[in-house]
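[1] Show me the folded form of this:
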Amino acid sequence: MAEPPGGARGAWLRVVAGAMLCVAAGVGPAAAAPRAELWDRWLANDPASTIEVDHGAWGRLIARFTRPGADGVTRFDYAAVAPEDKALLKTYLDALAATPVSRLGRAEQLAYWINLYNALTVQVVLDHYPVDSIRDIDISPGLFADGPWGRELITVEGEGVSLDDIEHRILRPIWRDARLHYALNCASIGCPELYKEAFTANTAEACLEDSARAFINHPRGVTVTGRGLRLSRIYDWYRDDFGASDAELFAHLRRYGEPPLAAALAASPRILGYDYDWRLNDVE
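    Residues are numbered from 1 along each chain as shown. Okay, here's the model as predicted:
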């Protein structure tokens, strides 16, 4: 899950707001989100398919290198990743690239694209590590590109695919599920964290629910103050995905809010502003 990334958007951010980015303070720039524009090439699926994609390698890497932070944010220990672990990640991604995605059932496809996004994000950080922020990995097309999101990182069924493609042209427009924003990890402290295990067709629904609940009830998702709420900028960038009005957004948040957050949301408080921390989700 990323800020509005990509070549042209990155240029705007870097020229207009780059100097104002406060990664240490966690305040990200405001910008319009990329639209969910369907790449209909990926609509094909087989409801009768019995093909199951093996995400075991990715699950093992998650278990091996994620660490709970003192602030409640799960980190990834990039520095501890050995050459053999990088080779395992590459082998896993090569297997995903060779997968006949169009022949999968819809549930298998959902897990496939979520895991592919997250594994590619980890790989691109490892390829450029050490960095302070994923936004420093300026490999997207365009002179003023910001971050890696627009670069084609893998070829699937003969098509070059970028992180932007997976999020905004495949997952968001096909599934139309706001919880996807909690499943995609952009390697930043302010982002919903990398889930504790790989998604599968059988576990995706539970994983999405867990991810939503964890993020919303952490201060980087929603912070309650005496004057109102400070929200993650995700709810600003992708506002239409969560509802057209504050009331609809609050209804979404209340679904997962635990006391006292649920009580605060029931009072329909005002939104004071939005924050985001772009520091890398590296170990503390």
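[2] remind me which residues of this protein are low pLDDT?
    Under the criterion of pLDDT under 70, the regions of the chain flagged as low confidence span 1-32.
[3] what about 90?
    Low-confidence regions of the chain, defined here as pLDDT under 90, cover residues 1-34, 142-146, 260, 266-269, 284.
[4] what about the strands in it?
    All strands of the chain, identified by DSSP state E, fall at 66-68, 74-76, 152-156, 159-162, 222-224, 229-232, 271-275.
[5] Quick check: Arg279 touching Asp132?
    Yes. Applying CB atoms under 8 Å, one finds Arg279 in contact with Asp132, separated by 6.6 Å. C-beta: built from backbone N, CA, C; applies to glycine.
[6] neighbour-wise, which of the two wins?
    Each of Arg279 and Asp132 has its neighbours counted (other CB atoms under 10 Å); Arg279 has more, 17 against 12.
[7] From Ile134, how far out is the more buried one?
    Using CB to CB, to the nearest Å, Arg279 is found at 10 Å from Ile134.
[8] related to what we said a few turns ago, among the strands of the chain, which is nearest Thr50?
    When the strands of the chain are compared by CB to CB, strand 152-156 sits nearest Thr50, at 20.4 Å.
[9] so what does the helix ranked longest in the chain touch, helix or strand wise?
    Using DSSP state H to define each element, the chain has its longest helix at helix 106-128. Counting contacts by 3 or more CB pairs under 8 Å, 6 or more residues apart in numbering; DSSP states H and E, helix 106-128 is packed against helix 56-65, helix 83-97, strand 152-156, helix 163-164, helix 180-183, helix 204-216.
[10] As JSON lines, those with distance to Asp71 would be great.
    Output for the helices and strands packed on helix 106-128, formatted as JSON lines (distance: least, CB to CB, whole Å):
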{"stretch": "helix 56-65", "distance to Asp71": "18"}
{"stretch": "helix 83-97", "distance to Asp71": "25"}
{"stretch": "strand 152-156", "distance to Asp71": "30"}
{"stretch": "helix 163-164", "distance to Asp71": "26"}
{"stretch": "helix 180-183", "distance to Asp71": "18"}
{"stretch": "helix 204-216", "distance to Asp71": "13"}
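[11] which one of those lies closest to Ala44?
    The nearest among the helices and strands packed on helix 106-128, by CB to CB, is strand 152-156 at 12.3 Å.
[12] Pairing partners for that closest one, with directions?
    With DSSP bridges as the test, strand 152-156 is paired with strand 159-162 (antiparallel).
[13] Check the offset of the strand it pairs with from the chain's centre.
    Counting by CA atoms, centre = their mean, to the nearest Å, strand 159-162 is centred 18 Å from the centre of its parent chain.
[14] And stretch 115-132, by the same measure?
    For stretch 115-132, the distance to the chain centre is 12 Å (CA atoms, centre = their mean).
[15] quick one on the thing from earlier: out of the helices and strands packed on helix 106-128, which comes closest to Tyr117?
    helix 163-164 (6.1 Å).
[16] other SSEs contacting that closest one?
    helix 106-128.
[17] Can you point out the buried residues in the helix it packs on?
    107-125 (16 or more other CB atoms under 10 Å).
[18] Quick check, Leu163 in contact with Ala119.
    No. At 10.9 Å, Leu163 and Ala119 do not qualify as touching, with contact defined as CB under 8 Å.
[19] Not counting stretch 210-219 itself, show me its contacts.
    Residues from elsewhere that reach stretch 210-219 (CB atoms under 8 Å, 6 or more residues apart in numbering): 72-73, 179, 182-183, 192-193, 195, 221-222, 232, 253, 255-258, 261.
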